[in-house]
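**Q** for reference, the sequence and a predicted model appear below.
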Amino acid sequence: MLHAVAVAFFLAMAAMVFAQSVCAKEFCDYTNTNELAGDKNLSARIRIFLGDKRVSFFYKGKLSAQVLDGLGGPPDFIHPVTRNLKMAAACRFHSCDEKAAVIFSCPGTIQAVGILHYDIRPKHFDPKAATLTIYAEELDSAVDMAFDAWRERIEESAGIKIVKEVQTSWK
């Protein structure tokens with residue numbers, strides 16, 4: 001009887017370990033931004049990274065919520081930036097002029113967040129002039145170059161001018 005209980009316990013433990021290893025994904029395991037955006041760990045890590053900062057980019061509210069909204073629409077494939085850094089980007093659902101991107105190191109540490117937005121104040125909106133605001137505690141050259149390449153692709157495809165702003169202190 002004791003042997004049967006021990007075997008049952010061992011099998012239950014093995015099943016739990018196997019289930020976790022199969023179900024748990026690192027950010028670097030995803031191939032496109034929608035897959036990554038569905039990972040509840042991404043939203044938690046973006047909220048921690050950005051804190052409680054409030055902005056008026058897509059609307060008035062928390063920056064983290066607006067970045068997550070920006071990552072929720074039609075996705076791009078996740079692209080390598082360096083051997084250990086990847087960039088995920090997408091446009092906002094039903095508003096593809098507004099976009100967001102996140103650069104993370106494997107397995108899933110946020111390194112930088114970028115949000116492409118327009119001046120939404122009345123009488124200031126210009127559909128041909130956007131701002132890419134990047135949040136990074138330290139903007140290393142690989143991250144900066146990845147955001148520059150993303151900005152240039154958007155400028156070329158959308159026919160707009162994008163000004164880049166970098167924030168290294170925001171909390």
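**A** That came in fine, so what should we check first?

**Q** quickly note the distance from N84 to I48.
**A** Distance of N84 to I48, given as CB to CB, to the nearest Å: 20 Å. Where you see a C-beta, it was placed from the backbone N, CA and C, and this is true even at glycine.

**Q** which stretches of this protein form strands?
**A** Remark: strands assigned in the chain by DSSP state E are 54-56, 60-62, 79-80, 85-92, 95-105, 109-117, 129-135, 161-167.

**Q** which other residues reach the fourth one?
**A** This means strand 85-92. Applying CB atoms under 8 Å, 6 or more residues apart in numbering, the contact partners of strand 85-92 are 27-28, 30, 32-34, 36-37, 58, 69-76, 78-81, 97-106, 111, 114, 142-143, 146, 150.

**Q** please redo it, this time with the cut-off set to 7 Å
**A** 28, 33-34, 36-37, 58, 69-76, 78-81, 98-105, 111, 142, 146, 150 (CB atoms under 7 Å, 6 or more residues apart in numbering).

**Q** any regions of the chain where pLDDT drops low?
**A** 1-24 (pLDDT under 70).
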